[in-house]
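Trainee: What would the 3D arrangement of this be:
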Amino acid sequence: MRSLNFCLLVFALISYSVHSQKLKVKDSVNLNQKEISKFNAKALIIPTVLMTYGVIGLESDGLEGLNLNIRNEVVEDIDEKFTIDDFSQYAPALTVYALNNLGIEGKHNLRDRTIILGTSYLLMSGTVISLKSLTKVERPDHSSFNSFPSGHTATAFLGAEFLWQEYKDVSVWYGISGYLVATGTGFFRIYNNKHWLTDVAMGAGIGILSTKIAYWTFPFINEHIFKSRKNKNVGMITPFYDGKDFGIGMLLTLD
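Mentor: Numbers count the residues shown, from 1 in each chain. The predicted model follows:
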């Protein structure tokens, strides 16, 4: 069980590193939109580390050996599988809308946050689909050759960062809970023998980075693409990938 324990330790360190970095953020309730969306190079550290680990794992004999050890322990020691990851991947992002419906306002209004979320999904899904097609890594259960990176994990961490950005000024615990759910999603992708640890690390990095980029670019997108629609209905079509199927979702906001 040493490899599985190492896997759990990696997830714990990832979660702790993300939260410890975020808890250093000062209260920014009164910041204007430009300050909120300002690029911060330090914010690249965590997703870069995760993605670097994932990429190195494609060629590293040591990391490939770790992947195999974890897979072997999952197959040998765990009989019962849980499909909670098929649903938990969407929980952090949906929580943003649920909290708003409960009267707990986030950083952006319905229209603006939907644009940001749509941009995040476009970036994430495009990256994940492209890498799956290029790398053709076989899944641990031998079901297909689209293991790298984990789309479920990318979706979950995208939503976790989205939840953090929208509600960190209300309470840091909203963001922390989102990241815990995302980390659990990644763990269960390995637990269910659907992904390697390197797939999950790469997916987490892509998800976090996609949302960060969406927030940084929102002022430009809002000014040059959606400016003329500020008082109109806004629709957005977004591709998605759930680990098995490709699809298109439509986001619609009404002012």
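
Trainee: When you work out contacts or count neighbours from here on, use the C-alpha atoms and nothing else.
Mentor: Fine.

Trainee: What helix or strand is the residue most central in space within the chain located in?
Mentor: For the chain, residue 157 is the residue whose C-alpha lies nearest the centre (CA atoms, centre = their mean; 2.1 Å). For residue 157, the element it lies in under DSSP states H and E is helix 151-167.

Trainee: Can I get that helix as PDB, trimmed to CA atoms?
Mentor: This file holds the C-alpha atoms of helix 151-167, laid out as PDB (Å, rounded to 0.1, in the frame of the first residue of the first chain):
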ATOM      1  CA  GLY A 151     -11.100  15.500 -18.000                       C
ATOM      2  CA  HIS A 152     -13.000  14.900 -14.800                       C
ATOM      3  CA  THR A 153     -10.200  16.300 -12.700                       C
ATOM      4  CA  ALA A 154      -9.800  19.300 -15.000                       C
ATOM      5  CA  THR A 155     -13.500  20.100 -14.800                       C
ATOM      6  CA  ALA A 156     -13.500  19.800 -11.000                       C
ATOM      7  CA  PHE A 157     -10.500  22.000 -10.500                       C
ATOM      8  CA  LEU A 158     -11.800  24.600 -13.000                       C
ATOM      9  CA  GLY A 159     -14.900  24.800 -10.900                       C
ATOM     10  CA  ALA A 160     -13.000  24.900  -7.700                       C
ATOM     11  CA  GLU A 161     -11.000  27.900  -8.800                       C
ATOM     12  CA  PHE A 162     -14.200  29.500 -10.100                       C
ATOM     13  CA  LEU A 163     -15.800  29.000  -6.700                       C
ATOM     14  CA  TRP A 164     -12.700  30.400  -5.000                       C
ATOM     15  CA  GLN A 165     -12.600  33.500  -7.200                       C
ATOM     16  CA  GLU A 166     -16.300  34.300  -6.800                       C
ATOM     17  CA  TYR A 167     -16.600  33.700  -3.000                       C
END
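
Trainee: Show me what that helix is packed up against.
Mentor: helix 85-88, helix 91-101, helix 110-135, helix 172-191, helix 197-224 (3 or more CA pairs under 8 Å, 6 or more residues apart in numbering; DSSP states H and E).

Trainee: ok, 7 Å please
Mentor: helix 91-101, helix 172-191, helix 197-224 (3 or more CA pairs under 7 Å, 6 or more residues apart in numbering; DSSP states H and E).

Trainee: which of the residues in that helix are buried?
Mentor: 151-167 (16 or more other CA atoms under 10 Å).

Trainee: Same question for stretch 55-63.
Mentor: Going by 16+ other CA under 10 Å, stretch 55-63 has these buried residues: 55, 57, 63.

Trainee: hang on, isn't the last one packed against residue 57?
Mentor: When you say that, I think you mean residue 63. Yes. Counting by CA atoms under 7 Å, residue 63 touches residue 57, with 5.2 Å between them.
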